[in-house]
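Engineer: After the sequence you'll find the predicted model.
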Amino acid sequence: MSTRVTAKKPAKAAADRHRTPAGPGQPRSPRHFAVVGAGIAGVACARTLVQAGHKVTLFERSDAAGGRMASVDTAFGRFDSGAQYFTVRDPRFALALENAPGVCKRWSANLVRVLDAHGRVAEAALPSLEPHWVAQPGMDSLVARWAAPLGESLVTGTRVTQIEPDALDAKRWQLRTSGADDSQHVYSGFDAVLLAVPPAGARALLGDGGKLSATLARRIEPVTIAPCWTLMIAYPQANQPDMSHLGPQWNAARSTHHRVAWLARESSKPGREPIERWTLQASAAWSQEHLRDAPSRVEAKLLRAFAEITGIHATPAHAQAICWNEAQTQVPVGTAHLWDAKARIGIAGDWCTGHRVEDAFLSGLSLALDVL
């Protein structure tokens with residue numbers, strides 16, 4: 001990182017102490033954990049367990065680790081389609097970032113504008129001036145760096161469809177999965193299963209009525225997460241000798257427009273391609289109202305809103321709308337993670353306490369430390 005994020009030594013010492021399994025006698029023998037979901041929570045959990053000497057198999061339904069720290073590559077450059085940036089408040093997260101040098105840089109978007117419903121600047125900057133950080137060349141780069149040491153323990157392109165008792169050892173778990181071309185596979189021999197997926201996925205894997213763990217099912221039942229439609233647009237015509245960018249002078253803004261909650265000039269982020277690109281995130285209410293709309297319809301509506309807010313009426317060379325069905329936590333679990341020691345199933349995710357990137361990391365870390 002170009003600017004170091006430092007952590008207090010006592011926090012590092014505490015983290016180091018937790019990495020060694022504690023017990024009344026000798027440390028526990030190595031166990032085999034299945035971690036489902038390779039977003040930042042799942043990767044943080046898996047790495048902590050591996051560092052403590054355990055075996056981990058990390059399952060990810062997408063082709064690469066990242067989760068909502070996702071980036072999309074296009075002919076015009078990369079877009080951060082999920083998390084736009086992160087902040088650092090906890091020393092444990094700061095320490096972890098120090099162990100990924102060169103990946104993250106500070107983004108000048110800490111001078112975020114606040115816009116009224118008509119796109120007029122209502123406030124020059126957010127009240128908090130805490131630094132905004134981004135990974136480069138995309139937000140998923142940080143998760144990829146942390147996942148790299150896991151090697152073949154990370155199984156991508158594989159969706160876990162069912163958790164059930166191991167056919168050869170009822171004291172352990174086995175996972176049924178679906179892969180490319182609907183290929184089926186069973187992974188067995190797990191001492192515990194840790195779910196680092198959104199609530200809908202966790203509920204499905206716990207089974208009807210939470211048959212695998214009624215305790216966990218009851219705890220996550222009240223959780224609600226709002227959806228988010230995201231629009232990514234590119235204007236290569238803006239990259240002319242006499243034109244550095246289109247529209248407003250600011251690079252990021254929160255908006256009270258009924259359709260759009262957030263706008264960011266992707267090309268303003270460190271380590272990004274220079275082609276003028278914007279990412280819009282729709283408001284939670286509007287996203288919920290239009291959750292079942294076709295992407296083309298959403299694209300048209302959000303482009304219209306973008307023009308109203310920024311004054312940019314040019315037709316983009318690239319426009320792509322995607323929907324995150326579970327994007328921003330509205331009602332969290334209320335604790336950093338969940339662990340049912342009797343069932344040997346745990347749950348982690350930003351939605352346990354909030355919706356920030358740091359929340360996801362701390363949730364995965366705390367779950368791993370609890371099961372050691």
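Structural biologist: Arrived safely, thanks for sending.
Engineer: contacting residues around Ile309?
Structural biologist: Applying Cβ atoms under 8 Å, 6 or more residues apart in numbering to Ile309 gives the contacts 115, 118-119, 253, 255, 257, 260, 263. Heads up, the C-betas are built off the backbone N, CA and C, glycines and all.
Engineer: who are the neighbours in contact with the nearest residue to it once chain neighbours are set aside?
Structural biologist: The shortest distance from Ile309 to any non-neighbouring residue, by Cβ to Cβ, 6 or more residues apart in numbering, is to Gly119 (3.7 Å). Contact partners of Gly119, counting by Cβ under 8 Å, 6+ apart, are 255, 257, 308-311.
Engineer: Number of residues surrounding the residue nearest to Ala44 when sequence neighbours are not counted?
Structural biologist: Using Cβ to Cβ, 6+ apart and skipping residues adjacent in sequence, the residue nearest Ala44 is Gly364, 3.4 Å away. Here the number of neighbours of Gly364 (other Cβ atoms under 10 Å) works out to 31.
Engineer: Looks like Gly364 contacts Val43 (just checking).
Structural biologist: Yes - contact criterion Cβ atoms under 8 Å: Gly364 and Val43 qualify, at 7.0 Å.
Engineer: circling back: closest to Phe79 out of the contacts of Gly119?
Structural biologist: Nearest to Phe79, judged by Cβ to Cβ, of the contacts of Gly119 is Thr310 at 16.7 Å.
Engineer: wait, isn't that closest one in contact with Leu263?
Structural biologist: Yes - judged on Cβ under 8 Å, Thr310 makes contact with Leu263 at a distance of 7.2 Å.
Engineer: and these two? which has more neighbours close in?
Structural biologist: Comparing Thr310 with Leu263 by other Cβ under 10 Å, the one with more neighbours is Leu263, at 28 against 21.
Engineer: Which neighbours do Thr310 and Leu263 have in common?
Structural biologist: Trp278.
Engineer: where's the lengthiest strand in the chain relative to the chain centroid, distance-wise?
Structural biologist: Using DSSP state E, we find that the single longest strand of the chain is strand 318-331. Per Cα atoms, centre = their mean, to the nearest Å, the displacement of strand 318-331 from the mean C-alpha position of its chain is 12 Å.
Engineer: got it, and stretch 226-245?
Structural biologist: Relative to its chain's centre, stretch 226-245 lies at 23 Å (Cα atoms, centre = their mean).
Engineer: quick one: average pLDDT of that stretch?
Structural biologist: For stretch 226-245, mean pLDDT is 82.
Engineer: Output it as PDB, restricted to C-alpha atoms.
Structural biologist: Extracted in PDB, the C-alpha atoms of stretch 226-245 (Å, rounded to 0.1, in the frame of the first residue of the first chain):
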ATOM      1  CA  ALA A 226     -32.000  -5.200   0.500                       C
ATOM      2  CA  PRO A 227     -31.200  -5.900  -3.200                       C
ATOM      3  CA  CYS A 228     -29.300  -3.500  -5.400                       C
ATOM      4  CA  TRP A 229     -29.400  -2.900  -9.100                       C
ATOM      5  CA  THR A 230     -26.000  -1.800 -10.400                       C
ATOM      6  CA  LEU A 231     -25.400  -0.100 -13.800                       C
ATOM      7  CA  MET A 232     -21.900   0.100 -15.400                       C
ATOM      8  CA  ILE A 233     -21.400   2.500 -18.300                       C
ATOM      9  CA  ALA A 234     -18.400   3.700 -20.300                       C
ATOM     10  CA  TYR A 235     -17.700   6.800 -22.400                       C
ATOM     11  CA  PRO A 236     -14.500   6.300 -24.400                       C
ATOM     12  CA  GLN A 237     -15.400   9.400 -26.500                       C
ATOM     13  CA  ALA A 238     -14.500  11.500 -23.400                       C
ATOM     14  CA  ASN A 239     -10.800  10.500 -23.700                       C
ATOM     15  CA  GLN A 240      -9.800  13.200 -26.200                       C
ATOM     16  CA  PRO A 241      -6.800  15.600 -26.000                       C
ATOM     17  CA  ASP A 242      -9.200  18.500 -25.100                       C
ATOM     18  CA  MET A 243     -11.400  16.500 -22.800                       C
ATOM     19  CA  SER A 244     -10.300  14.600 -19.700                       C
ATOM     20  CA  HIS A 245     -13.800  13.600 -18.600                       C
END
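Engineer: Which of the contacts of Ile309 fall in strands?
Structural biologist: Within those, residues falling in strands by DSSP E are 115, 253, 255, 260, 263.
Engineer: May I have the beta-bridge partners of the last one?
Structural biologist: With beta bridges defined as DSSP bridges, Leu263 has these partners: Ala253, Leu280.
Engineer: measure it to Met232 for me?
Structural biologist: 11 Å (Cβ to Cβ, to the nearest Å).
Engineer: Quickly list what's touching both of these two.
Structural biologist: Residues touching both Leu263 and Met232 by Cβ under 8 Å, 6+ apart: 278-280.
Engineer: Any chance of JSON lines for these, columns distance to Ala317 and neighbour count?
Structural biologist: Below are these laid out as JSON lines (distance: Cβ to Cβ, whole Å; neighbours: other Cβ atoms under 10 Å):
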{"residue": "Trp278", "distance to Ala317": "12", "neighbour count": "25"}
{"residue": "Thr279", "distance to Ala317": "15", "neighbour count": "21"}
{"residue": "Leu280", "distance to Ala317": "16", "neighbour count": "24"}
